[in-house]
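Undergrad: here are the coordinates; sequence isn't available:
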């Protein structure tokens, strides 16, 4: 065998992908240089490291919009991540961009998300002085928290895509830009699904002009949005102005109808209360956190360590810890 498998894969990228793609062989590399894998490209290796990480597994017990839902068909942060990955890979493949890089960014983009969805994120942001943001926390997880503080040592392009998947600066690669759109396409459509199951809204309540512009059901909307991104992207990933306007209006509708609904606000208040109680307790008792976070408290400050610790909790673990710390235990003789 005159060439190792990885080199053949890197050559195939140069032959088959668009000139706009980010090629694994041209990666800016890792923060700590490593010997290359015999089989996998750097982005394939990053994808595998993310999938095998503790923080990725915990996503299955972190909820999206509806907290601690009764039912097997509501989305979790893990199923959301998989849906983002599927949509992003479809767009990348259609544009002949690097699917491995796109997948790695997709799978890692929410590793730093808090328990209890965005309610947990808002609570930590309001409680601490570190301006907590889940995209920055995702990067922190793979750089400083995973593997007992050693981190996953991911490629620069994957870290950049994870950091830039929300509002603000665009990712440096088109693959990273894809994930930003895939994230929005996924969560708007699965939140509609979950809201219908929860009885918060009906599909027919979506304004008629938005259904006409985007589609009358989830699969139709996703297909139309993905197709629009593919047809309108060149040197940057984008939608047509008309499609983006309708999509933004759908998000505004969901914000009013679902995210600010009474059922969601009641659950958000409960989540914020749990996060606040945990935060204030561990700020005063940093020494009883696991060893990694106690060390972070000493080196980077208590607020930083407590945010790291709480953000890494699953919903179930946060509830268990809250109950252990604050709910009286009665023993009956």
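TA: Arrived safely, thanks for sending. This is a predicted model, so every value here is computed, not measured. Numbers count the residues shown, from 1 in each chain.
Undergrad: okay, CA-based contacts and neighbour counts for the rest of this
TA: Fine.
Undergrad: what stretches of the protein score poorly on pLDDT?
TA: Counting by pLDDT under 70, the chain shows low-confidence ranges at 1-3, 64-74, 330-333.
Undergrad: Centroid-nearest residue for it?
TA: residue 110 (2.2 Å; CA atoms, centre = their mean).
Undergrad: tell me the SS of that residue?
TA: Assigned with DSSP: H, G, I helix; E, B strand; the rest coil, residue 110 falls in the coil class.
Undergrad: pretty sure residue 201 is touching residue 257, no?
TA: Yes - at 7.3 Å, residue 201 and residue 257 qualify as touching, with contact defined as CA atoms under 8 Å.
Undergrad: contacting residues around the spatially closest residue to residue 60 that is not a sequence neighbour?
TA: Of all residues not flanking residue 60 in the chain, residue 78 sits nearest, at 4.8 Å (CA to CA, 6 or more residues apart in numbering). Going by CA atoms under 8 Å, 6 or more residues apart in numbering, residue 78 touches 56, 57, 59, 60, 61, 62.
Undergrad: do residue 312 as well
TA: Applying CA under 8 Å, 6+ apart, we find residue 312 in contact with 55, 112, 113, 114, 115.
Undergrad: and the end-to-end length of stretch 16-31?
TA: Counting by CA to CA, to the nearest Å, you get 28 Å between the two ends of stretch 16-31.
Undergrad: Can you list the buried residues in it?
TA: In terms of neighbour count (16 or more other CA atoms under 10 Å), stretch 16-31 has its buried residues at 17, 20, 21, 22, 23, 24, 25, 29, 30.
Undergrad: ok, and what's touching it?
TA: Contacts of stretch 16-31 (CA under 8 Å, 6+ apart): 10, 13-14, 41-43, 95-98, 101, 153-157, 173-175, 235.
Undergrad: returning to what we had before: which two from the contacts of residue 312 end up farthest apart in space?
TA: Using CA to CA, the contacts of residue 312 reach their maximum pairwise distance at 55 and 115, which is 11.8 Å.
Undergrad: neighbour count winner among those two?
TA: residue 115 (29 against 24; other CA atoms under 10 Å).
Undergrad: wait, the more buried one sits on residue 308?
TA: No - applying CA under 8 Å, one finds residue 115 not in contact with residue 308, separated by 11.7 Å.
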